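Visitor: Okay, structure incoming, though there's no sequence with it:
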């Protein structure tokens, strides 16, 4: 995470991380950006927390409003923003905790997808029995 070029990269940050960083750099609160986009604040919060993603039309508007490219929001590559400048290095323990949390979040997302697939198979089997 100390590499400036990788701060918002695909291995270091999620779509929500990049969106929140770009919104903050643009000097907007969640409420302000949500209002400008015509969505609820809870919707924007879900995007920033990686619980959902915007549709293409909103994604395009969003990128323009926070002055980054769509590709950067999605992947961390392309025209975006620089890593935040920090006067002091964060405590190594904090960096480790953030990395572990991101790992857990990825595992949870994968587990949720697996659970959804199993649920779909169960429903199909139940329909065949009836």
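Guide: Nice, I can see it. Just so we're clear, the structure is a prediction, and the values are computed from it rather than from any experiment.

Visitor: CA only for contacts and neighbour counts going forward, please
Guide: Noted.

Visitor: From residue 119, how far off is residue 54?
Guide: 25 Å (C-alpha to C-alpha, to the nearest Å).

Visitor: actually residue 18, not the one I wrote
Guide: 32 Å.

Visitor: ok, these two, which is more surrounded?
Guide: Counting neighbours by other C-alpha atoms under 10 Å for residue 18 and for residue 119 shows that residue 18 has the greater number, 25 against 12.

Visitor: how distant is stretch 26-35 from the center of its chain?
Guide: 16 Å (C-alpha atoms, centre = their mean, to the nearest Å).

Visitor: Counting neighbours, which bits of it end up buried?
Guide: For stretch 26-35, a neighbour-count test (16 or more other C-alpha atoms under 10 Å) marks 30, 33, 34 as buried.

Visitor: which stretch of helix or strand covers the residue positioned nearest the centre of the chain?
Guide: In the chain, the residue lying closest to the centroid (C-alpha atoms, centre = their mean) is residue 16, at 1.9 Å. Here residue 16 is covered by helix 15-25, with elements defined by DSSP states H and E.

Visitor: Please identify the buried residues of that helix?
Guide: For helix 15-25, by 16+ other C-alpha under 10 Å, it's 15, 16, 17, 18, 19, 20, 21, 22, 23.

Visitor: I'd say the last one and residue 29 touch.
Guide: This means residue 23. Yes - Residue 23 lies in contact with residue 29 (C-alpha atoms under 8 Å); the separation is 7.2 Å.

Visitor: overlap in contacts of these two?
Guide: Counting by C-alpha atoms under 8 Å, 6 or more residues apart in numbering, no residue touches both residue 23 and residue 29.

Visitor: Past the helix or strand residue 71 falls within, which element shows up next along the chain?
Guide: Taking DSSP H and E as the definition, one finds residue 71 inside helix 70-75. Where DSSP H and E defines the elements, the next helix or strand beyond helix 70-75 is helix 92-129.

Visitor: Just give the number of residues close to residue 60.
Guide: 14.

Visitor: Roughly how far does it sit from residue 70?
Guide: From residue 60 to residue 70 the distance is 6 Å (C-alpha to C-alpha).
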